[in-house]
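*Asks:* Here you go, sequence then predicted model.
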Amino acid sequence: MADRPVVVVEVLDAGALATVQDLGRPGWAHLGVPRSGALDQPAARLANRLVGNAESAAVLETTLTGVRLRPDGATTLAVTGARCLVRVGGRAVAWGAGTAVPAHAEVAVGPAQSGLRSYVALAGGVDVAPVLGSRSTDLLSGLGPAPLRAGDRIPLGPPGVVPHGVEAVPRPSGSTLRLRLGPRADWFSEEAVDALDGAAYEVAPDSNRIGLRLSGSPVARRADELPSEGMVLGAVQVPPSGQPVVFLADHPTTGGYPVVGVVLSADLPVCAQARPGDRLTLRVVG
(Lines give C-alpha, C1' and ligand atoms only; values in the text may rest on other atoms or scores of the structure.)
Protein backbone atom coordinates (compact mmCIF):
# COMPACT_ATOMS: atom_id res chain seq x y z
CA MET A 1 0.00 0.00 0.00
CA ALA A 2 1.37 3.44 -0.90
CA ASP A 3 2.51 5.68 1.91
CA ARG A 4 0.10 8.41 2.92
CA PRO A 5 1.24 11.72 1.38
CA VAL A 6 2.75 14.28 3.73
CA VAL A 7 0.46 17.21 4.49
CA VAL A 8 2.18 20.57 4.11
CA VAL A 9 0.78 23.70 5.75
CA GLU A 10 1.35 27.10 4.15
CA VAL A 11 1.68 30.11 6.45
CA LEU A 12 -0.50 32.91 5.06
CA ASP A 13 0.06 35.36 7.93
CA ALA A 14 2.41 34.74 10.87
CA GLY A 15 1.02 37.56 13.02
CA ALA A 16 3.19 39.40 15.55
CA LEU A 17 5.29 36.33 16.39
CA ALA A 18 4.60 32.67 15.65
CA THR A 19 7.17 30.00 16.39
CA VAL A 20 7.46 26.22 16.36
CA GLN A 21 7.66 24.82 19.89
CA ASP A 22 7.68 21.43 21.56
CA LEU A 23 8.67 20.56 25.15
CA GLY A 24 12.15 22.04 24.61
CA ARG A 25 15.73 20.81 24.81
CA PRO A 26 16.61 20.53 28.53
CA GLY A 27 19.94 19.00 29.49
CA TRP A 28 22.24 21.20 27.40
CA ALA A 29 22.74 24.11 29.81
CA HIS A 30 26.32 22.99 30.51
CA LEU A 31 27.03 23.82 26.86
CA GLY A 32 25.28 27.18 27.05
CA VAL A 33 22.11 26.02 25.29
CA PRO A 34 18.78 27.21 26.77
CA ARG A 35 15.92 24.76 27.16
CA SER A 36 13.41 26.74 25.04
CA GLY A 37 10.07 25.03 24.36
CA ALA A 38 6.44 26.12 24.76
CA LEU A 39 6.03 28.74 27.47
CA ASP A 40 2.60 27.44 28.48
CA GLN A 41 3.39 23.74 28.49
CA PRO A 42 0.06 22.50 29.89
CA ALA A 43 -1.72 24.26 27.00
CA ALA A 44 0.67 22.81 24.39
CA ARG A 45 0.36 19.30 25.83
CA LEU A 46 -3.44 19.55 25.80
CA ALA A 47 -3.56 20.79 22.20
CA ASN A 48 -1.54 17.75 21.14
CA ARG A 49 -3.78 15.33 23.01
CA LEU A 50 -6.85 16.83 21.34
CA VAL A 51 -5.55 15.93 17.86
CA GLY A 52 -4.12 12.52 18.77
CA ASN A 53 -0.46 13.55 18.95
CA ALA A 54 2.09 12.63 21.58
CA GLU A 55 2.36 15.47 24.11
CA SER A 56 5.94 16.06 22.95
CA ALA A 57 4.93 16.83 19.33
CA ALA A 58 5.78 20.25 17.93
CA VAL A 59 3.01 22.85 17.79
CA LEU A 60 2.76 26.49 16.75
CA GLU A 61 2.94 29.12 19.49
CA THR A 62 1.27 32.40 18.49
CA THR A 63 1.64 35.76 20.22
CA LEU A 64 -1.34 38.09 20.67
CA THR A 65 -2.41 38.50 17.02
CA GLY A 66 -2.89 34.88 15.92
CA VAL A 67 -1.96 33.24 12.63
CA ARG A 68 -3.51 32.18 9.30
CA LEU A 69 -2.69 28.83 7.68
CA ARG A 70 -3.73 26.65 4.73
CA PRO A 71 -2.98 22.89 4.57
CA ASP A 72 -2.69 21.15 1.21
CA GLY A 73 -4.35 18.03 2.63
CA ALA A 74 -6.98 17.14 5.21
CA THR A 75 -5.86 17.33 8.84
CA THR A 76 -7.15 17.87 12.38
CA LEU A 77 -6.60 21.06 14.37
CA ALA A 78 -6.89 22.15 18.01
CA VAL A 79 -6.19 25.56 19.57
CA THR A 80 -5.60 26.06 23.29
CA GLY A 81 -3.85 28.59 25.55
CA ALA A 82 -5.10 32.15 25.07
CA ARG A 83 -8.78 32.17 24.10
CA CYS A 84 -9.45 33.34 20.56
CA LEU A 85 -11.84 32.94 17.66
CA VAL A 86 -10.95 30.07 15.32
CA ARG A 87 -12.32 29.80 11.80
CA VAL A 88 -11.92 27.01 9.25
CA GLY A 89 -12.95 27.85 5.71
CA GLY A 90 -14.60 31.03 6.99
CA ARG A 91 -16.78 29.21 9.53
CA ALA A 92 -16.33 29.50 13.29
CA VAL A 93 -15.24 26.28 15.01
CA ALA A 94 -14.75 25.36 18.65
CA TRP A 95 -11.73 26.60 20.54
CA GLY A 96 -10.18 23.93 22.78
CA ALA A 97 -11.44 20.96 20.76
CA GLY A 98 -10.26 18.80 17.88
CA THR A 99 -11.65 20.04 14.55
CA ALA A 100 -11.45 18.46 11.09
CA VAL A 101 -9.83 20.72 8.48
CA PRO A 102 -10.48 19.91 4.79
CA ALA A 103 -7.66 20.18 2.27
CA HIS A 104 -6.98 23.77 1.14
CA ALA A 105 -9.31 25.30 3.74
CA GLU A 106 -7.99 28.49 5.30
CA VAL A 107 -7.47 28.32 9.06
CA ALA A 108 -7.69 31.66 10.88
CA VAL A 109 -6.59 31.71 14.53
CA GLY A 110 -7.72 35.13 15.72
CA PRO A 111 -6.19 37.60 18.17
CA ALA A 112 -6.03 36.58 21.81
CA GLN A 113 -9.14 37.70 23.66
CA SER A 114 -7.56 36.97 27.01
CA GLY A 115 -4.03 35.86 27.73
CA LEU A 116 -1.21 36.27 25.23
CA ARG A 117 -0.13 32.99 23.60
CA SER A 118 -2.25 30.42 21.78
CA TYR A 119 -1.11 26.92 20.83
CA VAL A 120 -2.05 25.41 17.46
CA ALA A 121 -1.68 21.64 17.21
CA LEU A 122 -2.06 19.83 13.90
CA ALA A 123 -2.42 16.06 13.53
CA GLY A 124 1.02 14.49 13.16
CA GLY A 125 2.81 17.48 14.64
CA VAL A 126 5.07 19.99 12.92
CA ASP A 127 7.77 17.82 11.34
CA VAL A 128 10.70 20.20 10.89
CA ALA A 129 14.24 18.90 11.48
CA PRO A 130 15.09 18.61 15.20
CA VAL A 131 18.16 20.33 16.63
CA LEU A 132 19.68 18.73 19.75
CA GLY A 133 16.56 16.63 20.09
CA SER A 134 14.00 19.43 19.84
CA ARG A 135 12.08 21.26 17.11
CA SER A 136 11.70 24.38 19.26
CA THR A 137 12.58 27.86 18.06
CA ASP A 138 15.03 29.47 20.50
CA LEU A 139 15.00 33.25 20.11
CA LEU A 140 18.12 33.76 22.24
CA SER A 141 20.53 31.26 20.67
CA GLY A 142 18.95 31.06 17.22
CA LEU A 143 18.68 27.26 17.38
CA GLY A 144 15.75 25.54 15.73
CA PRO A 145 13.56 26.89 12.94
CA ALA A 146 13.33 30.64 12.41
CA PRO A 147 10.16 32.44 13.51
CA LEU A 148 7.45 31.84 10.95
CA ARG A 149 6.90 34.18 8.02
CA ALA A 150 4.19 34.41 5.37
CA GLY A 151 4.97 31.93 2.61
CA ASP A 152 6.66 29.34 4.84
CA ARG A 153 5.61 25.76 4.18
CA ILE A 154 5.51 23.43 7.19
CA PRO A 155 5.40 19.63 6.82
CA LEU A 156 3.34 17.54 9.23
CA GLY A 157 4.17 14.07 10.50
CA PRO A 158 1.96 10.97 10.21
CA PRO A 159 -1.29 11.53 12.15
CA GLY A 160 -2.27 9.44 15.12
CA VAL A 161 -5.75 8.42 16.24
CA VAL A 162 -7.88 11.38 17.26
CA PRO A 163 -9.38 10.69 20.71
CA HIS A 164 -13.12 10.67 21.26
CA GLY A 165 -14.85 12.49 24.08
CA VAL A 166 -14.35 15.88 25.66
CA GLU A 167 -11.44 17.08 27.77
CA ALA A 168 -11.55 20.09 30.09
CA VAL A 169 -9.55 23.05 28.79
CA PRO A 170 -7.89 24.83 31.69
CA ARG A 171 -6.36 28.28 31.38
CA PRO A 172 -3.95 29.83 33.89
CA SER A 173 -6.09 31.77 36.31
CA GLY A 174 -5.23 34.36 38.89
CA SER A 175 -2.36 36.81 38.92
CA THR A 176 -0.10 35.43 41.64
CA LEU A 177 3.44 34.16 41.18
CA ARG A 178 4.66 32.01 44.05
CA LEU A 179 8.41 31.86 44.55
CA ARG A 180 10.84 30.06 46.79
CA LEU A 181 13.68 32.18 48.11
CA GLY A 182 17.26 31.63 47.00
CA PRO A 183 19.89 30.93 45.99
CA ARG A 184 21.04 34.56 46.55
CA ALA A 185 18.43 35.75 49.03
CA ASP A 186 21.31 36.72 51.33
CA TRP A 187 22.04 39.59 48.92
CA PHE A 188 18.81 41.21 50.05
CA SER A 189 17.95 42.66 53.44
CA GLU A 190 15.28 41.08 55.59
CA GLU A 191 13.16 44.18 55.00
CA ALA A 192 13.52 43.83 51.21
CA VAL A 193 12.46 40.17 51.31
CA ASP A 194 9.51 40.97 53.57
CA ALA A 195 8.42 43.71 51.16
CA LEU A 196 8.68 41.31 48.21
CA ASP A 197 6.02 39.03 49.70
CA GLY A 198 2.74 40.51 48.46
CA ALA A 199 4.33 43.15 46.23
CA ALA A 200 2.41 43.95 43.03
CA TYR A 201 4.23 44.54 39.75
CA GLU A 202 3.16 45.52 36.25
CA VAL A 203 4.30 43.46 33.27
CA ALA A 204 6.66 45.64 31.24
CA PRO A 205 6.21 45.98 27.45
CA ASP A 206 9.74 44.69 26.70
CA SER A 207 8.92 41.26 28.14
CA ASN A 208 9.46 38.32 25.77
CA ARG A 209 10.19 34.59 25.66
CA ILE A 210 13.54 35.24 27.37
CA GLY A 211 12.20 37.01 30.43
CA LEU A 212 9.10 38.54 32.01
CA ARG A 213 10.16 42.03 33.07
CA LEU A 214 8.32 43.46 36.06
CA SER A 215 7.91 47.14 36.86
CA GLY A 216 7.15 48.40 40.37
CA SER A 217 8.83 49.07 43.69
CA PRO A 218 12.57 48.37 43.34
CA VAL A 219 13.90 45.41 45.31
CA ALA A 220 16.82 46.76 47.34
CA ARG A 221 20.01 44.68 46.97
CA ARG A 222 23.75 44.89 47.49
CA ALA A 223 25.59 47.17 45.10
CA ASP A 224 28.22 44.48 44.37
CA GLU A 225 28.23 42.16 41.35
CA LEU A 226 28.43 38.37 41.30
CA PRO A 227 30.57 36.25 39.00
CA SER A 228 28.35 34.67 36.36
CA GLU A 229 26.60 31.52 37.59
CA GLY A 230 24.05 29.07 36.31
CA MET A 231 20.43 30.18 35.81
CA VAL A 232 17.26 28.09 35.88
CA LEU A 233 13.77 28.43 34.45
CA GLY A 234 11.69 30.70 36.68
CA ALA A 235 14.67 32.40 38.34
CA VAL A 236 13.82 35.92 39.55
CA GLN A 237 16.92 37.95 38.83
CA VAL A 238 17.33 41.46 40.25
CA PRO A 239 19.54 43.83 38.22
CA PRO A 240 20.92 47.09 39.66
CA SER A 241 17.64 48.87 38.81
CA GLY A 242 15.89 46.66 41.38
CA GLN A 243 13.17 45.73 38.83
CA PRO A 244 12.75 41.91 38.90
CA VAL A 245 13.02 39.75 35.78
CA VAL A 246 11.50 36.26 35.69
CA PHE A 247 13.54 34.02 33.39
CA LEU A 248 11.40 32.11 30.87
CA ALA A 249 12.14 29.28 28.43
CA ASP A 250 14.68 31.09 26.20
CA HIS A 251 16.65 32.51 29.15
CA PRO A 252 20.46 32.62 29.14
CA THR A 253 22.08 29.72 30.95
CA THR A 254 24.29 32.00 33.07
CA GLY A 255 23.89 35.41 34.66
CA GLY A 256 25.67 37.78 37.00
CA TYR A 257 22.76 39.41 38.85
CA PRO A 258 21.56 37.88 42.14
CA VAL A 259 18.53 35.59 42.07
CA VAL A 260 16.24 36.39 44.98
CA GLY A 261 13.96 33.40 44.32
CA VAL A 262 12.53 30.98 41.76
CA VAL A 263 8.90 30.95 40.59
CA LEU A 264 7.16 27.61 41.12
CA SER A 265 6.84 25.64 37.88
CA ALA A 266 3.07 25.45 38.36
CA ASP A 267 2.88 29.26 38.03
CA LEU A 268 5.00 29.57 34.88
CA PRO A 269 1.91 29.35 32.62
CA VAL A 270 0.70 32.55 34.33
CA CYS A 271 3.93 34.19 33.14
CA ALA A 272 3.36 32.80 29.64
CA GLN A 273 -0.09 34.38 29.37
CA ALA A 274 0.62 37.71 31.11
CA ARG A 275 0.20 40.73 28.82
CA PRO A 276 2.11 44.00 29.09
CA GLY A 277 0.25 46.14 31.60
CA ASP A 278 -1.13 43.18 33.58
CA ARG A 279 -0.50 43.31 37.33
CA LEU A 280 1.03 40.31 39.07
CA THR A 281 1.53 39.73 42.78
CA LEU A 282 4.56 37.92 44.19
CA ARG A 283 4.17 35.55 47.13
CA VAL A 284 7.08 33.97 49.00
CA VAL A 285 6.39 30.32 49.92
CA GLY A 286 8.30 27.48 51.55
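*Replies:* That came through, no problem. Residues are numbered from 1 along each chain as shown.

*Asks:* Tell me where the model's unsure across this protein.
*Replies:* Along the chain, segments meeting pLDDT under 70 span 1-4, 164-173.

*Asks:* Would you map the helices across it?
*Replies:* 41-50, 190-196, 268-273 (DSSP state H).

*Asks:* Any chance of the ones you listed in TSV with mean neighbour count and distance to residue 140 as columns?
*Replies:* From N, CA and C alone the C-beta is placed, and that goes for glycine too. Formatted as TSV, the helices of the chain follow (neighbours: other CB atoms under 10 Å; distance: least, CB to CB, whole Å):
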stretch	mean neighbour count	distance to residue 140
helix 41-50	24	18
helix 190-196	15	26
helix 268-273	24	16
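
*Asks:* Quick one: closest of those to residue 117.
*Replies:* When the helices of the chain are compared by CB to CB, helix 268-273 sits nearest residue 117, at 5.7 Å.

*Asks:* so what's residue 209 up against?
*Replies:* Shown in contact with residue 209 (CB atoms under 8 Å, 6 or more residues apart in numbering): 19, 39, 139, 140, 248, 249, 250.

*Asks:* what about 7 Å?
*Replies:* For residue 209, the contact set (CB atoms under 7 Å, 6 or more residues apart in numbering) comprises 39, 139, 248, 249, 250.

*Asks:* That one and residue 118, how far apart?
*Replies:* The gap separating residue 209 from residue 118 is 14 Å, by CB to CB, to the nearest Å.

*Asks:* Likewise for residue 249?
*Replies:* 16 Å.

*Asks:* more neighbours, these two?
*Replies:* Comparing residue 249 with residue 118 by other CB atoms under 10 Å, the one with more neighbours is residue 118, at 33 against 29.

*Asks:* Tell me what the more buried one is bridged to.
*Replies:* residue 62, residue 81 (DSSP bridges).

*Asks:* That one against residue 62, yeah?
*Replies:* Yes. Taking CB atoms under 7 Å as the definition, residue 118 is a contact partner of residue 62 at 4.6 Å.

*Asks:* which residues do the two both contact?
*Replies:* residue 109.

*Asks:* hang on, the earlier thing: got the helices of the chain as JSON lines, with distance to residue 279 columns?
*Replies:* Below are these laid out as JSON lines (distance: least, CB to CB, whole Å):
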{"stretch": "helix 41-50", "distance to residue 279": "22"}
{"stretch": "helix 190-196", "distance to residue 279": "15"}
{"stretch": "helix 268-273", "distance to residue 279": "12"}
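
*Asks:* for the ones you listed, which one sits closest to residue 98?
*Replies:* helix 41-50 (4.5 Å).

*Asks:* any idea how far the residue most central in space within the chain is from residue 72?
*Replies:* Geometric centre of the chain, nearest residue: residue 39, 2.0 Å, by CA atoms, centre = their mean. The spacing between residue 39 and residue 72, counted by CB to CB, is 29 Å.

*Asks:* same thing with residue 142?
*Replies:* For residue 142, the distance to residue 72 - CB to CB - is 29 Å.
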